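Undergrad: I'll drop the sequence and a predicted model, then ask my questions.
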Amino acid sequence: MIKEITREKIKGYLEGFLEAQLEKHKKKLSEEPEEVIRAADAKDGKLKPFHLAILPPEAVRIFAFERSFSTRLGTTFEECAKLIALDNHKEAERGKKLVGEISSNCRTEIERARATIDSGRTIDFRKTTLSVIKANKVKADQATHTITDLYLKTKDDREFYFEIKSPKPNKGQAVEVTERLLKTQALRHMGPPRINTYYAMAYNPYGSRSAYRHSFAVHHLDMKNQILLEDEFWDIVGGPGTFAELLSIYHEVGQEKGRQVMDRLAYES
């Protein structure tokens, strides 16, 4: 359950985030002429001349905002998760940095896992984690570090390290996240259930785990041991029902600010 004071903190944070994105979008439109924006879209393979021709400028501005907004919205999940976790756990921190040394054997195990995913095969994340920890028991002499999106320590001193990323990862994301999670395990030495590392997906675009079918994740990541989907992640952060409760806060902010957002996007110059 999300405490009322935390609910208000989250609302305030989301309202500030929304305002910042609107101002950033307004600045871009005022500083970059239309031909510059069109050239940038063409470079990224996102130019849609027929859309631009048939839709009114107000609609085009709204769609352009939504595209950039969707990319940045993911950062809000980290802050909301931290605020909720602080009410339920001993510690919670964004951008948790670990610094230390690992052995050459350990680095080899991590590189092997990277290569496996990069070649289009699946790793057993639990077995790979144990292999990495075991390989690091010999002399560690290679400096390394990790920075994790969200860290929390429970009241019984279990540690969780979450990489909160896209629910539809590409190969690069999957490889990099897996490497960071394994480095974290190597630096913390103890492994599950004391040290837990996950690729967390804050929401599930397919609605349920059984329906989840993003091809790359399903075929190249360990969906059972490495991935937390939607409720599975938020339940750890704040207890059962946290996902639905947090979604209701986003909805509340949307209802309160929605008309203002539409008006500003459509009519501000």
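TA: Ah, there it is.

Undergrad: continuing past the helix or strand of the chain with the lowest mean pLDDT, what's the next helix or strand?
TA: Sorting the helices and strands of the chain by mean pLDDT, DSSP states H and E puts helix 34-43 at the bottom, at a mean of 73. The element immediately downstream of helix 34-43 (helix or strand, assigned by DSSP states H and E) is helix 49-54.

Undergrad: pLDDT on that next one, on average?
TA: Averaged across helix 49-54, pLDDT comes to 76.

Undergrad: tell me where the chain has strands.
TA: Here the chain has its strands, by DSSP state E, at 91-102, 142-153, 159-164, 195-201, 227-229.

Undergrad: export those to CSV and tack on distance to Asp235, mean pLDDT and mean neighbour count?
TA: Every residue, glycine included, has its C-beta placed from N, CA and C. Output for the strands of the chain, formatted as CSV (distance: least, C-beta to C-beta, whole Å; pLDDT from 0 to 100; neighbours: other C-beta atoms under 10 Å):
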stretch, distance to Asp235, mean pLDDT, mean neighbour count
strand 91-102, 15, 97, 15
strand 142-153, 13, 96, 18
strand 159-164, 12, 98, 22
strand 195-201, 11, 98, 23
strand 227-229, 9, 98, 20
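
Undergrad: distance to Leu187 added to those, as JSON lines?
TA: Formatted as JSON lines, those follow (distance: least, C-beta to C-beta, whole Å):
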{"stretch": "strand 91-102", "distance to Leu187": "5"}
{"stretch": "strand 142-153", "distance to Leu187": "7"}
{"stretch": "strand 159-164", "distance to Leu187": "10"}
{"stretch": "strand 195-201", "distance to Leu187": "9"}
{"stretch": "strand 227-229", "distance to Leu187": "21"}
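
Undergrad: can you tell which of those strands is closest to Arg180?
TA: When the strands of the chain are compared by C-beta to C-beta, strand 142-153 sits nearest Arg180, at 5.1 Å.

Undergrad: got the CA positions of that closest one in CSV?
TA: This file holds the C-alpha atoms of strand 142-153, laid out as CSV (Å, rounded to 0.1, in the frame of the first residue of the first chain):
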residue,chain,number,x,y,z
GLN,A,142,40.7,-6.4,-12.3
ALA,A,143,39.0,-3.2,-11.3
THR,A,144,35.3,-2.8,-12.3
HIS,A,145,32.1,-1.0,-11.3
THR,A,146,28.4,-1.1,-11.9
ILE,A,147,25.6,1.5,-11.6
THR,A,148,22.1,0.0,-11.0
ASP,A,149,18.8,1.8,-11.7
LEU,A,150,17.3,0.9,-8.4
TYR,A,151,18.7,-0.7,-5.2
LEU,A,152,16.8,-1.7,-2.1
LYS,A,153,17.6,-3.5,1.1
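
Undergrad: that one packs against which elements?
TA: helix 57-88, strand 91-102, helix 104-118, strand 159-164, helix 171-188 (3 or more C-beta pairs under 8 Å, 6 or more residues apart in numbering; DSSP states H and E).

Undergrad: do that again at 6 Å, thanks
TA: Secondary-structure packing of strand 142-153 (3 or more C-beta pairs under 6 Å, 6 or more residues apart in numbering; DSSP states H and E): helix 57-88, strand 91-102, strand 159-164, helix 171-188.

Undergrad: between helix 104-118 and the second one, find me the angle.
TA: Computed with axes from the mean of the first three to the mean of the last three C-alpha atoms, to 10 degrees, the direction of strand 91-102 lies at 110 degrees from that of helix 104-118.

Undergrad: how far does strand 91-102 sit from its chain's centre?
TA: 17 Å (C-alpha atoms, centre = their mean, to the nearest Å).

Undergrad: pull the residues that contact that strand.
TA: 78, 82, 85-86, 136, 140, 142-148, 150-153, 186-187 (C-beta atoms under 6 Å, 6 or more residues apart in numbering).

Undergrad: partner strands of it, with direction?
TA: Its sheet considered, strand 91-102 pairs with strand 142-153 (antiparallel) by DSSP bridges.
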